[in-house]
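J.: What follows is a predicted protein model with its sequence.
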Amino acid sequence: ESKGKRRNPLHDFKKTGELMLIKVNKTLEVKTKLLNTTEQCAKRCNRNKGLSFTCKAFAYDRVTKRCHWLSFNSLTNGVRKKQDHAFDLYEKKDYVRNCIIGKGADYKGTISVTKSGIQCQAWNSMIPHEH
């Protein structure tokens, strides 16, 4: 990257237009704030700045210019999708990606079986193989 140019924080997110996530599970957390751009929302979500939870997604209300940071995404249990023309949903790719890049050390997705259907070994287990 050239000097003076910053990486766009939105590159870390998968955008779904006109969609909002509604939490059915009341323990899931949300924080909102007025912000002018989706880039500002993404930057705060990436840094977890001012949030008491790990930000996995955010929804941006284009009408009120309000950012809704979410401790969950569309794959989380206790969440339902709602079509809403005012919102765009941005989910962190690390949490919705179903593939492993490199050695998988940063993988946060939901796949826990091999291609042949065998249950994966837990990261904190040394059985049946040592790491």
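T.: Cool, got the structure. Numbers count the residues shown, from 1 in each chain.
J.: what sits up against the longest strand along the chain?
T.: Counting by DSSP state E, the longest strand found in the chain is strand 79-92. Strand 79-92 is contacted from outside by 10, 12-25, 28, 38, 41-42, 45-46, 55-64, 68, 72-74, using CB atoms under 8 Å, 6 or more residues apart in numbering. No exception for glycine: its C-beta is placed from N, CA and C like everyone else's.
J.: Can you check the pLDDT for the residue lying closest to residue 17 once chain neighbours are set aside?
T.: Nearest residue to residue 17 in three dimensions, chain neighbours excluded: residue 88, at 5.2 Å (CB to CB, 6 or more residues apart in numbering). pLDDT, residue 88: 98.
J.: What of residue 3?
T.: pLDDT at residue 3 comes out at 60.
J.: What's opposite residue 14 in the beta bridge?
T.: Beta-bridge pairing for residue 14 (DSSP bridges): residue 91.
J.: Report how many residues lie close to it.
T.: Applying other CB atoms under 10 Å, we find 16 residues neighbouring residue 14.
J.: how about the lengthiest helix in the chain: buried residues?
T.: Ranked by residue count, the top helix of the chain under DSSP state H comes out as helix 38-47. Neighbour-count burial for helix 38-47 flags 38, 41-45 (criterion: 16 or more other CB atoms under 10 Å).
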